[in-house]
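K.L.:
Below are the sequence and a predicted model; questions follow.
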Amino acid sequence: MKHIDIYTDGACSGNPGAGGWGTILVYNGHEKELSGGEANTTNNRMEMMAVIEGLKALKEPCEVTLTSDSQYICNAVSRGWAKAWKKNHWFKSDRTQAKNIDLWEELLTLLDVHQVTVEWVRGHNGHPYNERCDRLAVEQAKKYS
């Protein structure tokens, strides 16, 4: 099974507002940058889109190290929260409705295909790939503002 490193970030000008996402896939010394955006979205949705689009770009099941500065994503995936929300008909432990259900459905499906290990990195703290993903996301958000 191939090992791929995926780095992601999302950005939003206003929340909700114009947003963008960026992801970088690294395999065997080769890098691929992906990015996109939306006119009216949230930061969490853009963080999720970066992960989804990175995983969707893989042509076969892979072992993935996913690095993100989003505690929302990292915790929901690594601590099993998202799977629990789905099992509980998209209600969280505090009995409130989970947000971004459409994206969580898509992400959970992708997580079933790949072996994903999640690593959290502090945002805007000098991590080269996180900084590049942030630039990609901000560039995309500017197109919609």
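P.N.:
Yep, that arrived. Numbers count the residues shown, from 1 in each chain.
K.L.:
Could I get the buried residue list for the strand or helix carrying Leu110?
P.N.:
Leu110 belongs to helix 101-113 when assigned by DSSP states H and E. Going by neighbour count (16 or more other C-beta atoms under 10 Å), the buried part of helix 101-113 is Leu103, Trp104, Glu106, Leu107, Leu110, Leu111. (Glycine included, C-beta is placed from N, CA and C.)
K.L.:
What of stretch 1-15?
P.N.:
For stretch 1-15, burial by neighbour count (16+ other C-beta under 10 Å) applies to Ile4, Asp5, Ile6, Tyr7, Thr8, Asp9, Gly10, Ala11, Cys12.
K.L.:
same question, stretch 20-33
P.N.:
For stretch 20-33, burial by neighbour count (16+ other C-beta under 10 Å) applies to Gly20, Trp21, Gly22, Thr23, Ile24, Leu25, Val26.
K.L.:
Now stretch 23-39 - C-alpha only, CSV.
P.N.:
Output in CSV follows, covering the C-alpha atoms of stretch 23-39 (Å, rounded to 0.1, in the frame of the first residue of the first chain):
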residue,chain,number,x,y,z
THR,A,23,-4.2,20.7,0.1
ILE,A,24,-0.8,19.3,-0.8
LEU,A,25,-0.3,15.6,-1.5
VAL,A,26,3.3,14.3,-1.2
TYR,A,27,4.3,10.9,-2.5
ASN,A,28,7.8,9.7,-3.2
GLY,A,29,9.3,13.2,-3.5
HIS,A,30,6.5,14.4,-5.8
GLU,A,31,4.0,17.1,-4.7
LYS,A,32,0.6,18.0,-6.0
GLU,A,33,-1.3,21.1,-5.0
LEU,A,34,-5.1,21.4,-5.1
SER,A,35,-7.3,24.3,-4.1
GLY,A,36,-10.8,25.7,-4.4
GLY,A,37,-13.3,27.9,-2.8
GLU,A,38,-16.9,29.1,-2.3
ALA,A,39,-18.6,32.4,-2.1
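K.L.:
All good on my end, thank you.
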